[in-house]
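> coordinates only, sequence not included:
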Ligand code: GLA
Ligand code: ZN
């Protein structure tokens, strides 16, 4: 297989089939001016290349591929299977999904094929085979882009049947299923496989605590709903694998990907990544998304395979689908793009190259605006970045991020934590992970986001916030990591349930109890207007909120205790020796300063170092290869900030200028420094 890209791809989604031919030529000229070297085509052209069940027509796609090839562009070729042609839904209505409320959808929209429809699978395989046969050996096709942003769910009868098959394979017998889902609760015991129904608004969906209608987030049986999520993720993954394997019959060389969506909840991306040659993802922060969250999503996407990834989409200027689609300010797109590369991207691609004339995305930004010219601010910024990437981008391809600290991210836990009824509806998985991530982000400490079954041994510090579900084997893995000298941080809402969402009996945090050396007897829930205070034994204090574990020490020492309520004086933060290592248990949702202090202790204990010694509010990251280390210094703050002293006297790759001591980086300024490894 072609291992990696020879050049850093700079391009994006391009839909020439929506335009007359004269425009294509203008596009080629403009792409040249913008230093674009690639285009992603055929994302939504199924109706175009298969106008009826019996006919395929590749003449237009041939011309598109030709046009791009002649102008020397590398092509990311999509398989077009994410939007169904009208004839298919008319003739085979079962290809369309049934939603959570049980309504069968009609023709329309996109990303809405039933993943378990044999008809859909049949047409997908046919189309993909033809595409791979026709274009797989084309030198300019450098990447296959399967489908588009897989996601969502289906509740049709076919899926229900497939769910039963999936369950049977997993549990084997009805009694095992009854036990796993604890169906003795509310007398839901089943006797035959065909009594299993999909958990949705017509079955196990329950109202939210605020009294709103059932939503897919609430269920009477979390274990059942988590299995449904796993099943749906697998069903869609099977669609991906079907296309991938079909392509591989005709093309053994070209890398295959599908565009993921960061912290998107619906799919277990760690499972997906195992099936993908390279991870790619679409980054759409809104005007108020913290840069730390964007950074975390990049790190998660890099963590999926522990390897560089593709940025498949970002907008050069604005979106259309958010409530407030602010423009990216001058320099912001460039800073955002370099941030992406800094965190491990080997491509920078846009949605979209030309702004569409109609449909719901006509207000979505593009390299070429409705004015159709290169005389726009956005075009100039795209061209500037293009020039920079052309000049120095390839130096970075394939280089890696080296981290000694890791945070566990796990989709089973994401689902389980948010399905729970109680103790506090405000507890959200990604929010909590982000709060811990931010500590590392602000200190410019490289951190990997790793799966629960990752290899912990290459890290000195592993942090597992809200590790609510502890699956089989995990206790042993964590214990051997700590016993060998690792530092482990966990805390409230951890170790509570097993993989079927049944409680680990014997006291919280279940399998983590010996490791943490504590017993959490009760969990208090605090409403938004309530808080407590945590008193550290060095005399400092910090507010805390949302949840408070009432902790008894069982070998651990208390590092801080609660200051208020009937549990004032009980431990809130503990430290335990286990083998050669140490475990911190953070029993409550600490305010920023408290969390900083707690994680500071753990980092010190694990001797975790920042990318640079000097404290700075600039974002500083490093990618390394055998020969070089590249430092990315970016100002994502509202005000000018001084360049850290260590970079003085070094040459900035972007401008060729030697950096001076005390020089200021304005908002969105970027500097890149390269060091040869000794
Ligand atoms: C997604 C899709 C694209 C487009 C963009 C708009 O990422 O993959 O087709 O709709 O959103 O932001
Ligand atoms: Zn279905």
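Nice, thanks for sending it over. On a predicted model such as this, the values are computed, not experimentally measured, just so you know. Ligands and ions are numbered 1, 2, ... in the order given.

> CA atoms for contacts and neighbours, from now on please.
Noted.

> and whichever residue of the stretch 301-450 of the chain sits closest to ligand 2, helix, strand or coil?
Residue nearest to ligand 2 within the stretch 301-450 of the chain: residue 415 (20.5 Å; C-alpha to the ion). Judged by DSSP: H, G, I helix; E, B strand; the rest coil, the three-state class of residue 415 is helix.

> show me what from the stretch 101-250 of the chain comes close to ligand 2.
Neighbours of ligand 2 within the stretch 101-250 of the chain, by C-alpha under 5 Å from the ion: 114, 154, 156, 159.

> assess the claim that the last one and residue 118 are in contact.
No: the pair formed by residue 159 and residue 118 falls short of the contact definition of C-alpha atoms under 8 Å, at 10.7 Å.

> now the end-to-end length of stretch 66-80.
Using C-alpha to C-alpha, to the nearest Å, the end-to-end distance of stretch 66-80 comes out at 18 Å.

> re the thing from before, do you know how far the residue of the stretch 301-450 of the chain closest to ligand 2 is from residue 224?
To residue 224, residue 415 is 11 Å away according to C-alpha to C-alpha.

> same thing with residue 296?
Distance from residue 296 to residue 224, counting by C-alpha to C-alpha: 30 Å.

> swap in residue 88?
32 Å.

> which one's more surrounded, these two?
More crowded of residue 88 and residue 224, by other C-alpha atoms under 10 Å: residue 224, with 23 against 20.

> so where's the longest strand in this protein?
Longest strand in the chain, counting residues (DSSP state E): strand 541-553.

> show residues contacting it.
With contacts defined as C-alpha atoms under 8 Å, 6 or more residues apart in numbering, strand 541-553 is touched by 424, 426-427, 492, 517-528, 530-536, 567, 570-572, 587-591, 593-594.

> for the stretch 251-400 of the chain, which segments count as strands?
255-257, 259-260, 280-282, 309-313, 345-350 (DSSP state E, counting those that start in this stretch).

> could I get these in a markdown table, plus columns for mean neighbour count, mean pLDDT and distance to ligand 2?
Putting the strands of the stretch 251-400 of the chain into a markdown table (neighbours: other C-alpha atoms under 10 Å; pLDDT from 0 to 100; distance: least, C-alpha to the ion, whole Å) gives the following:
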| stretch | mean neighbour count | mean pLDDT | distance to ligand 2 |
| --- | --- | --- | --- |
| strand 255-257 | 24 | 98 | 24 |
| strand 259-260 | 22 | 98 | 21 |
| strand 280-282 | 23 | 98 | 25 |
| strand 309-313 | 27 | 98 | 28 |
| strand 345-350 | 27 | 98 | 32 |
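
> mind listing what the closest residue to ligand 2 within the stretch 551-678 of the chain touches?
At 39.6 Å from ligand 2, residue 589 is the closest residue in the stretch 551-678 of the chain, using C-alpha to the ion. Counting by C-alpha under 8 Å, 6+ apart, residue 589 makes contact with 492, 544, 545, 546, 547, 548.

> list the beta-bridge partners for it.
residue 545 (DSSP bridges).

> the spatially most central residue of the chain - nearest residue in space that isn't next to it in sequence?
Centre of the chain computed as the mean C-alpha position; nearest residue by C-alpha atoms, centre = their mean is residue 262, 2.2 Å away. Among residues not flanking residue 262 along the chain, residue 297 sits closest, at 5.2 Å (C-alpha to C-alpha, 6 or more residues apart in numbering).

> these two touch, right, the one you found and residue 264?
No: contact criterion C-alpha under 8 Å: residue 297 and residue 264 do not qualify, at 9.8 Å.

> flag the shaky bits of this structure, pLDDT-wise.
Along the chain, the model assigns pLDDT under 70 to residues 1-4, 208-215.

> buried residues in the longest helix anywhere in it?
Counting residues, the longest helix in the chain under DSSP state H turns out to be helix 222-250. Buried positions in helix 222-250, judged by neighbour count with 16 or more other C-alpha atoms under 10 Å: 222-244, 246-248, 250.

> cool, and stretch 584-602?
Going by neighbour count (16+ other C-alpha under 10 Å), the buried part of stretch 584-602 is 584-592, 594-599, 602.

> closest to residue 324 among those residues?
residue 592 (28.1 Å; C-alpha to C-alpha).

> give the contact list for that closest one.
By C-alpha under 8 Å, 6+ apart, the neighbours of residue 592 are residue 435.

> apply 10 Å and report the result again.
Shown in contact with residue 592 (C-alpha atoms under 10 Å, 6 or more residues apart in numbering): 435, 436, 438, 439, 542, 543, 544, 598.

> scan the residues you listed and report the most crowded one.
Neighbour-wise, the contacts of residue 592 (other C-alpha under 10 Å) top out at residue 544, 24 neighbours.

> quick one, phi/psi of the closest residue to residue 256 other than its chain neighbours?
When the adjacent residues along the chain are set aside, residue 256 lies closest to residue 144, with 4.6 Å between them (C-alpha to C-alpha, 6+ apart). Backbone torsions of residue 144, given as degrees, to the nearest 10, read phi -100, psi 130.

> burial measure for residue 144, as a count.
Residue 144: 22 neighbours (other C-alpha under 10 Å).

> tell me what it is bridged to.
residue 77, residue 256.

> from what I can see it touches residue 137, true?
No: in this structure, residue 144 is not within contact of residue 137 by C-alpha atoms under 10 Å, at 11.8 Å.

> common neighbours of these two, please.
Joint contacts of residue 144 and residue 137 (C-alpha under 10 Å, 6+ apart) are residue 254.

> contact partners for residue 539?
Taking C-alpha under 10 Å, 6+ apart, one finds residue 560 in contact with residue 539.

> and it, that one's in a helix?
No: Residue 539 is assigned coil when assessed by three-state DSSP, not a helix.

> backbone dihedrals for it, please?
Backbone torsions for residue 539, taken as degrees, to the nearest 10, come to phi 100, psi -10.
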